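can't give you the sequence, but here's the structure:
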């Protein structure tokens, strides 16, 4: 009898399992159902039916009226999503007007790297874009006579597939026009592959009207489908050979004259040198950023080798600043790199074998934890000034310590909530010094 009951119970369980399995949707290996993922621009369906409508994922247009910009309805990709998404995706689709008529020769550009394609006679396009990490790729759809449309692709809502369909509509606009221009050097040579940017000035959110193009082999460029009657800021990004360029306000009208932009050629020099501590001992594997203060040009990075030496090729002449990032901040100012001169620099920073420790307490000797202790050094070496900044919080016993210091004079500043700030000058008497700093209450 018990065996018969057990067999009957087992049969009922199997039938229930089969019913449950039939009712479940079929899932692919990517974690999504077999429905095709198609991105389009209809936001009304999205608002009424949610983020999934008849198997189609919705797309968010991030461009609104001047001065406003709607927020994406999707969250940026997380670390895990960014790691599994493909590096390149192929986006294709059609561009049409409000009456679904195809728009030929519309410009479809990827704002991350300035690449672009054109739609054909049927309004079709196809563009390969590189996925930026932790943000949405943005496509810009432009055509003179129509309102521009910047669209963010919600990659957090799609699978690992590398092909997507995106259909976009453009609205007719009477204020849409084209601005033509040329960029070259002082000898009349057109400069290819220069990034030219145009952004609306004076708007609450000028990012809503942003255009970017690349000059062609002859230095020619054009902004099409931009709004007339507005003031813009024009920027050309600097390169290693040419200074950057900025101009504003640029008033764009229906008949704006062709822009002619001549970039300043940079005087490039070779820099050699050594990074040393205050005892003149070389410092190996030390990196510092070098910025030219005289001309608009990209910052470069210097890294010393195992012997403390460094070499920097093709850097523009002019006044420079060298600096590092946290946790130890070093800065060197007052240096000028001169053209037609051999440049050998000995860069001295506050580094050495000195060690400073101590503790912070109140006037009664009670330790103060989480007090901010900063340590600065400032000295002049030849023609330049060298400055250092270090900072830390005291531990539970009020203790602090700074290592690898130079042997010169230092200034300590101590900040604690409810206490008067105290500044102390310290000169090393040994390679390892210790100091006790007492703070008074502000109400004393």
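Sure thing, it's come through. As the structure is a prediction and not an experimental result, all values here were calculated from the model.

Remind me what the helix or strand encompassing residue 435 packs against, helices and strands.
Assigned by DSSP states H and E, residue 435 belongs to strand 432-439. Secondary-structure packing of strand 432-439 (3 or more Cβ pairs under 8 Å, 6 or more residues apart in numbering; DSSP states H and E): strand 354-362, strand 410-415, strand 422-426. Quick note: C-beta positions are derived from backbone N, CA and C, even for glycine.

Can you say which of those strands is nearest to residue 373?
Nearest to residue 373, of all the helices and strands packed on strand 432-439, is strand 410-415, at 5.4 Å by Cβ to Cβ.

for the stretch 1-150 of the chain, which spans come out with low pLDDT?
Applying pLDDT under 70 to the stretch 1-150 of the chain flags the ranges 1-86, 132-135.

sorry, back to before: now render the helices and strands packed on strand 432-439 as a markdown table, adding distance to residue 144.
Output for the helices and strands packed on strand 432-439, formatted as a markdown table (distance: least, Cβ to Cβ, whole Å):
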| stretch | distance to residue 144 |
| --- | --- |
| strand 354-362 | 66 |
| strand 410-415 | 59 |
| strand 422-426 | 63 |
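
Quick one: closest of these to residue 249.
strand 410-415 (43.9 Å).

Please report how far the residue lying closest to residue 384 once chain neighbours are set aside lies from residue 270.
The shortest distance from residue 384 to any non-neighbouring residue, by Cβ to Cβ, 6 or more residues apart in numbering, is to residue 334 (4.0 Å). Counting by Cβ to Cβ, to the nearest Å, the gap from residue 334 to residue 270 is 21 Å.

Residue 129 now?
According to Cβ to Cβ, residue 129 and residue 270 sit 38 Å apart.

do the same with residue 253
Applying Cβ to Cβ, the value for residue 253 to residue 270 is 47 Å.

One more: residue 263?
22 Å.

and if you look at residue 212?
As judged by Cβ to Cβ, residue 212 and residue 270 stand 33 Å apart.

between these two, who's got more neighbours?
Between residue 212 and residue 270, counting by other Cβ atoms under 10 Å, residue 212 is the more crowded of the two (20 against 12).

tally of neighbours for residue 356?
If we define neighbours as other Cβ under 10 Å, then residue 356 has 21 of them.

can I assume it is in contact with residue 405?
Yes - contact criterion Cβ atoms under 8 Å: residue 356 and residue 405 qualify, at 6.1 Å.

Which residues are in contact with each of those two?
375, 428 (Cβ atoms under 8 Å, 6 or more residues apart in numbering).

Next, the buried residues of stretch 369-377.
By neighbour count on 16 or more other Cβ atoms under 10 Å, the buried set for stretch 369-377 is 371-373, 375-377.

now do stretch 115-133
Across stretch 115-133, burial judged by 16+ other Cβ under 10 Å covers 116-117, 119, 123, 125, 127, 129, 131-132.

before we move on, back to that, how distant is the strand holding residue 435 from the center of its chain?
Remark: strand 432-439 is offset 42 Å from the chain centroid, using Cα atoms, centre = their mean, to the nearest Å.

How about stretch 309-316?
Here the centre of stretch 309-316 is set off from its chain's centre by 25 Å, with Cα atoms, centre = their mean.

Stretch 172-188 too?
Its chain's C-alpha centre and that of stretch 172-188 lie 27 Å apart, by Cα atoms, centre = their mean.

now the end-to-end length of it.
End-to-end distance for stretch 172-188, by Cα to Cα, to the nearest Å: 38 Å.

Could I get the buried residue list for that stretch?
173, 176-179, 181-184.

With distance to residue 146 and secondary structure added, can I get those residues in a markdown table?
Shown next, in a markdown table, are the buried residues of stretch 172-188 (distance: Cβ to Cβ, whole Å; DSSP: H, G, I helix; E, B strand; the rest coil):
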| residue | distance to residue 146 | secondary structure |
| --- | --- | --- |
| 173 | 6 | coil |
| 176 | 6 | strand |
| 177 | 11 | strand |
| 178 | 12 | strand |
| 179 | 16 | strand |
| 181 | 21 | strand |
| 182 | 25 | strand |
| 183 | 26 | strand |
| 184 | 31 | strand |
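
For the residue nearest to residue 308 when sequence neighbours are not counted, which residues are in contact?
Counting by Cβ to Cβ, 6+ apart, the nearest residue to residue 308 once its immediate chain neighbours are dropped is residue 282, at 2.6 Å. By Cβ under 8 Å, 6+ apart, the contact set of residue 282 is 274-276, 304, 307-309.

Tell me which of those residues fall in strands.
The strands, defined by DSSP state E, take in 274-276, 309 from those.

Parallel or antiparallel, which strands does the host helix or strand of the residue nearest to residue 384 pair with?
Using DSSP H and E, residue 334 sits within strand 329-337. Neighbouring strands of strand 329-337 in its sheet, by DSSP bridges, are strand 318-323 (antiparallel), strand 384-393 (antiparallel).

Mind listing what's buried along the last one?
If I follow you right, that is strand 384-393. If you call a residue buried by 16+ other Cβ under 10 Å, then strand 384-393 has these buried ones: 384, 386-391.

Let me know the average pLDDT across stretch 346-363.
Averaging pLDDT along stretch 346-363 gives 96.

From one end of it to the other, what's the distance?
End-to-end distance (Cα to Cα), stretch 346-363: 45 Å.

ok, now stretch 183-193?
Start and end residues of stretch 183-193 are separated by 10 Å (Cα to Cα).

and that stretch, how far out from the chain's middle?
28 Å.

Of the buried residues of stretch 115-133, which belong to strands?
Residues of those located in strands (DSSP E): 116-117, 125, 127, 129.

Out of the contacts of residue 282, which comes closest to residue 328?
Nearest member of the contacts of residue 282 to residue 328, counting by Cβ to Cβ, is residue 275, at 13.4 Å.

got a list of what the closest one touches?
Counting by Cβ under 8 Å, 6+ apart, residue 275 touches 282-283, 286, 288, 302, 304, 308, 310, 347, 349.

how far away is it from residue 424?
Distance, residue 275 to residue 424, using Cβ to Cβ: 29 Å.

wait, residue 143 sits on residue 106?
Yes - using Cβ under 8 Å, residue 143 is in contact with residue 106, at 4.1 Å.
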